[in-house]
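> give the three-dimensional model of this entry:
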Amino acid sequence: MTKLEISAFILNVLGVWLTSMQYRICWIINIVAVALYVMIFYQVKLYADAMLQGIFILLQCYGWYSWSTQKMSSQYSVSSIGKTTLLSSLLLGLFTGLLLGFLFHRYTDAALPWLDSLLAAFSLVASFWAAKKYIESWALWCVLDAMYVCMYLSKSLYLTSFLYFIFILLALNGWRMWRHKMQKAAYRPVT
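Prediction:
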């Protein structure tokens with residue numbers, strides 16, 4: 001456990017909690033947190049995860065922009081994903097994960113090229129869904145974070161593994177809070 005991992009841990013917990021509360025500052029905190037994890041994951045040869053963190057920086061910027069627009073900044077803008085978007089983004093995640101897995105397996109000394117790549121690809125899907133405020137993003141994060149816990153344990157990143165366990169709890173809370181917002185928006189008494 002290094003100071004770098006401890007700092008990334010603290011900032012990630014704060015960032016996910018702020019996201020579940022729908023505070024726009026979450027995106028800035030998340031940018032710093034993922035930048036720290038670029039270094040950590042590169043050091044342990046989880047190259048897809050290191051690359052993912054770099055892409056997350058761009059997604060965090062998109063999330064900031066998306067949540068800053070008038071349409072997306074409404075507290076009632078949480079919605080459910082459409083079936084076409086759901087299917088197409090899951091298929092894109094699978095294709096991207098398999099392609100990256102092949103490339104990292106064949107051309108690098110990556111530690112867990114297939115698992116790392118699939119988790120990275122589906123994390124991009126979940127991040128896009130979160131930026132669009134699709135409630136299903138939280139369910140996908142729960143599944144991915146459970147798998148990340150196991151992967152990080154295998155790499156002796158115990159604090160990071162614990163962080164992703166906390167992410168599961170935060171994702172469940174985010175799911176609950178966003179569902180409440182959706183229900184509240186759906187029920188508007190006639191005045």
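> residues of stretch 167-181 that come out buried?
Judged by neighbour count using 16 or more other C-beta atoms under 10 Å, the buried positions of stretch 167-181 are 167-168, 170-172, 174-175, 177-178, 181. All C-beta spots, glycine's among them, are computed from the backbone N, C-alpha and C.
> oh, I was asking about stretch 86-105
Within stretch 86-105, the residues scored as buried using 16+ other C-beta under 10 Å are 86, 89, 93, 96-97, 100-101, 104.
> equivalent analysis for stretch 42-50, please.
Along stretch 42-50, these residues count as buried under the neighbour rule (16+ other C-beta under 10 Å): 44-50.
> take those and keep only those in helices.
Under the assignment DSSP state H, the buried residues of stretch 42-50 contribute 47-50 to helices.
> can you redo these as CSV with distance to Ile25?
Compiled in CSV, those are given as follows (distance: C-beta to C-beta, whole Å):
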residue, distance to Ile25
Tyr47, 30
Ala48, 28
Asp49, 25
Ala50, 25
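> quick one: the helices in this structure, in order.
Assigned by DSSP H, the chain shows helices spanning 3-20, 26-43, 47-68, 70-73, 83-107, 113-131, 136-154, 158-186.
> closest one of the ones in helices among the buried residues of stretch 42-50 to Met21?
Of all those, Met21 sits closest to Asp49, with 26.0 Å by C-beta to C-beta.
> grab the nearest non-local neighbour of the closest one.
Counting by C-beta to C-beta, 6 or more residues apart in numbering, the nearest residue to Asp49 once its immediate chain neighbours are dropped is Phe41, at 4.2 Å.
> give me the distance between that neighbour and Glu136.
Applying C-beta to C-beta, to the nearest Å, the value for Phe41 to Glu136 is 26 Å.
> same question, Trp67
Trp67 is 17 Å from Glu136, by C-beta to C-beta.
> which one of Phe41 and Glu136 has more residues nearby?
More neighbours surround Phe41 than the other of Phe41 and Glu136, with 27 against 20 (other C-beta atoms under 10 Å).
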